[in-house]
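S.K.: 3D, please:
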Amino acid sequence: MNDGFAPALSTPLSTPLSRRSFLRGSAGLLGSLALPLQLGERPRPHFAPRAKHVVFVFLLGAPSQVDLFDPKPKLQELDGQPMPPSLVAGQAVDQLKGRNLVAAGSRFRFHRRGQCGMELSELLPHLGQHADRLALVRSMTSTIINHPPAQSMLMTGSGEAGRPSCGSWASYGLGSGNRDLPAFATMLSGLPPGAPPPPVQLWGNGFLPGEHHGVVLHGGAEAVRFLDNQPGTSRRGREAQLETLQALDRLRQQGHGDPATDDRIAAYQLAFRMQDVVPEAVRLQAEPAATLALYGAKAGEPSFAANCVMARRLVERGVRFVQLVDDGWDHHGQLVRNLRQKAGEVDQPIGALLSDLQRCGLLDETLVVIAGEFGRTPMNQGGQSGDRYGRDHHGKCFSIVLAGAGVRGGTVVGATDELGYQVVADPFTVHDLQATMLHLLGFDHERLVFRHRGRDFRLTDVHGRVMRPVVAG
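M.R.: Below is the predicted model of the structure:
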């Protein structure tokens, strides 16, 4: 008898079951048991959220904090001289091991910004206009100083592949604010010619259900790759195809009960709805010319500035987590020229995004984070002049910026020593940042979990604490 809960076995009971037949029949039963657990695992916020959305600006490659966020007059005085042995003796400094460690003062000036007097580089005038809205954390630390695992640590809480990204956790916790758009969207910019694209795991769903995978959006005519119908396919014809495919998937699921089937069906349905909504959501031609000029963006030309405009449009339409990944910040050499260029590409758009969110009344419900995966050394890597001048990877200290929902504006948190080599006050880790993001979204990071392979996993692994000095109220 088949009561509708377990699938009927294809082999009569009077016939001895082979191992293969037993497993095939049991799979549906086990899947049926697991499916309600998977479908019922969507959590609810643990307390009233400050933020409904996150815009995470990921400066891929690690910008130099001593040139942008953390001025060091003493380092300027020692420029070109050996670093004090008492500070660096016995320290492992990545590729600088065994070399003379020479102090490298910044080639850029710092200015006080806003009523709070926050010191920021001359390269960030537009961001500086928002100093009283910013929380600048100068005491971040990382134990990883190789790019791929450090990038993975920042976005997934682990240096190993296979964990869900923070955007996926936000999607899992909050769901989508617009059923016709993904809860988690990613946009890329700044990729150097010939360089490989950033790893997919930075916006991957890991072991979370597939609906929480980040959707990569592009500027130009095709916002989502392979989303458009094939030539000659009508809207109704495509809908009929999906209806047939869903029926086949459901029929197959009766045999194996795999919850991933629901993920695939949901993905097809979302893609079909996105065909109508996404082109309008990312259509910069609909923006007033004054708004595009504010960002420094041009309709139809992919850029970080254009991605910032799209980020605001997506937040307006209910997307929970927007990830802006900008590559090209790994400046081992040619730092003066390259950092000036990169800062020039992002400073105006970020300042405009903060202004635009404020204008739309969205900044109070949107958390904006600006971060790289680690910092750069206060020592010179290549030479004191010309294009050889650069900085190496450094995990002992780096800076991040937060703004918007729930953030204590006009605040500088933590401190490094007088040469910018290591943290001397209020050290924080990447897991602390992740715990703070979840806290502002309404979740206790220790309680937002997903059971996988027999244990509960969370974004912050077994670490993390909320960065109270940056939280308002």
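S.K.: low-confidence ranges in the stretch 351-473 of the chain?
M.R.: The stretch 351-473 of the chain contains residues with pLDDT under 70 at 384-386.
S.K.: hey, where'd the helices end up in it?
M.R.: Ranges of helices in the stretch 351-473 of the chain, per DSSP state H, counting those that start in this stretch, are 430-440.
S.K.: do the same with the stretch 51-200 of the chain
M.R.: Applying DSSP H, counting those that start in this stretch to the stretch 51-200 of the chain gives helices spanning 65-68, 73-77, 85-88, 125-128, 147-156, 166-174.
S.K.: which strands and helices sit next to the longest one?
M.R.: With contacts taken as 3 or more Cβ pairs under 8 Å, 6 or more residues apart in numbering; DSSP states H and E, helix 147-156 sits against strand 53-59, helix 166-174, helix 430-440. From N, CA and C alone the C-beta is placed, and that goes for glycine too.
S.K.: Please repeat the previous calculation with a cut-off of 10 Å.
M.R.: With contacts defined as 3 or more Cβ pairs under 10 Å, 6 or more residues apart in numbering; DSSP states H and E, the packing partners of helix 147-156 are strand 53-59, helix 166-174, strand 321-326, helix 430-440.
S.K.: Out of the helices of the stretch 51-200 of the chain, flag the one nearest Leu440.
M.R.: Closest of these to Leu440 is helix 166-174, at 10.5 Å (criterion: Cβ to Cβ).
S.K.: quick one: the closest one to strand 321-326, angle?
M.R.: Interaxial angle of helix 166-174 relative to strand 321-326 (axes from the mean of the first three to the mean of the last three Cα atoms, to 10 degrees): 170 degrees.
S.K.: thinking again about what came up before, as JSON lines, the helices and strands packed on helix 147-156 with mean neighbour count and distance to Glu280 would be great.
M.R.: Formatted as JSON lines, the helices and strands packed on helix 147-156 follow (neighbours: other Cβ atoms under 10 Å; distance: least, Cβ to Cβ, whole Å):
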{"stretch": "strand 53-59", "mean neighbour count": "24", "distance to Glu280": "19"}
{"stretch": "helix 166-174", "mean neighbour count": "27", "distance to Glu280": "22"}
{"stretch": "strand 321-326", "mean neighbour count": "26", "distance to Glu280": "17"}
{"stretch": "helix 430-440", "mean neighbour count": "25", "distance to Glu280": "29"}
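S.K.: Okay, and the beta partners of Leu402?
M.R.: With DSSP bridges as the criterion, Leu402 is bridged to Ala135, Val369.
S.K.: and it, how many residues sit next to it?
M.R.: By the criterion of other Cβ atoms under 10 Å, Leu402 has 28 neighbours.
S.K.: i'd like the first residue to be 112 from this point on
M.R.: Let's use 112 as the start, then, which means that last one is Leu513.
S.K.: looking at it, it is touching Val523, isn't it?
M.R.: No - Leu513 is beyond contact range of Val523, at 11.8 Å (criterion: Cβ atoms under 10 Å).
S.K.: what is in contact with those two at once?
M.R.: With contacts defined as Cβ atoms under 10 Å, 6 or more residues apart in numbering, the residues shared by Leu513 and Val523 are Leu245, Ala246, Leu247, Val248.
S.K.: Might one say that the third one is in contact with Pro182?
M.R.: No - the pair Leu247 and Pro182 does not pass the contact test of Cβ under 10 Å, sitting 11.5 Å apart.
S.K.: overlap in contacts of the two?
M.R.: Common neighbours of Leu247 and Pro182 (Cβ under 10 Å, 6+ apart) are Glu230, Leu231.
S.K.: ok, the two, which is more surrounded?
M.R.: Leu247 (24 against 21).
S.K.: show me the contacts for the nearest residue to Phe509 once chain neighbours are set aside.
M.R.: Excluding the flanking residues, the one nearest Phe509 by Cβ to Cβ, 6 or more residues apart in numbering is Gly486, at 2.8 Å. The neighbourhood of Gly486, defined by Cβ under 10 Å, 6+ apart, consists of 173-177, 180-181, 249, 251-253, 256, 502-511, 527, 531.
S.K.: what's around the nearest residue to Gly228 once chain neighbours are set aside, how many residues?
M.R.: Leaving aside its sequence neighbours, Gly228 sits nearest to Ala242 (Cβ to Cβ, 6+ apart; 8.0 Å). Ala242 sits with 24 neighbouring residues when counted by other Cβ under 10 Å.
S.K.: separation between Ala242 and Leu235?
M.R.: To Leu235, Ala242 is 10 Å away according to Cβ to Cβ, to the nearest Å.
S.K.: now Cys508
M.R.: Distance from Cys508 to Leu235, by Cβ to Cβ: 19 Å.
S.K.: Quick check on these two: which one has the bigger neighbour count.
M.R.: Taking other Cβ under 10 Å, Cys508 and Leu235 do not tie; Cys508 has more neighbours (28 against 25).
S.K.: Might one say that that one is in contact with Thr540?
M.R.: No - using Cβ under 10 Å, Cys508 is not in contact with Thr540; the gap is 11.6 Å.
S.K.: okay, and the common contacts of those two?
M.R.: Shared contacts of Cys508 and Thr540, defined by Cβ under 10 Å, 6+ apart, comprise Ser250, Met251, Thr252, Ser253.
S.K.: would you turn those residues into a markdown table with neighbour count and distance to Gly553?
M.R.: What follows is those, written out as a markdown table (neighbours: other Cβ atoms under 10 Å; distance: Cβ to Cβ, whole Å):
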| residue | neighbour count | distance to Gly553 |
| --- | --- | --- |
| Ser250 | 24 | 26 |
| Met251 | 28 | 24 |
| Thr252 | 19 | 27 |
| Ser253 | 23 | 27 |
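S.K.: residue ranges with poor pLDDT in the stretch 262-411 of the chain?
M.R.: 330-354, 368, 370-371, 374-387.
S.K.: try 80 this time
M.R.: Within the stretch 262-411 of the chain, the ranges that satisfy pLDDT under 80 run 330-393.
S.K.: Do a quick rundown of the strands in it.
M.R.: For the stretch 262-411 of the chain, strands defined by DSSP state E, counting those that start in this stretch occupy the ranges 295-300, 326-328.
S.K.: so Met194 sits right up against Lys185, yeah?
M.R.: No - assessed by Cβ under 10 Å, Met194 is found out of contact with Lys185, at 11.2 Å.
S.K.: Compare these two (neighbour count), which wins?
M.R.: Applying other Cβ under 10 Å to Met194 and Lys185 shows that Met194 carries more neighbours, namely 23 against 13.
S.K.: gap between that one and Trp280?
M.R.: 40 Å.
S.K.: again with Leu189
M.R.: Counting by Cβ to Cβ, the gap from Leu189 to Trp280 is 43 Å.
S.K.: likewise Asn418?
M.R.: Separation of Asn418 from Trp280 (Cβ to Cβ): 22 Å.
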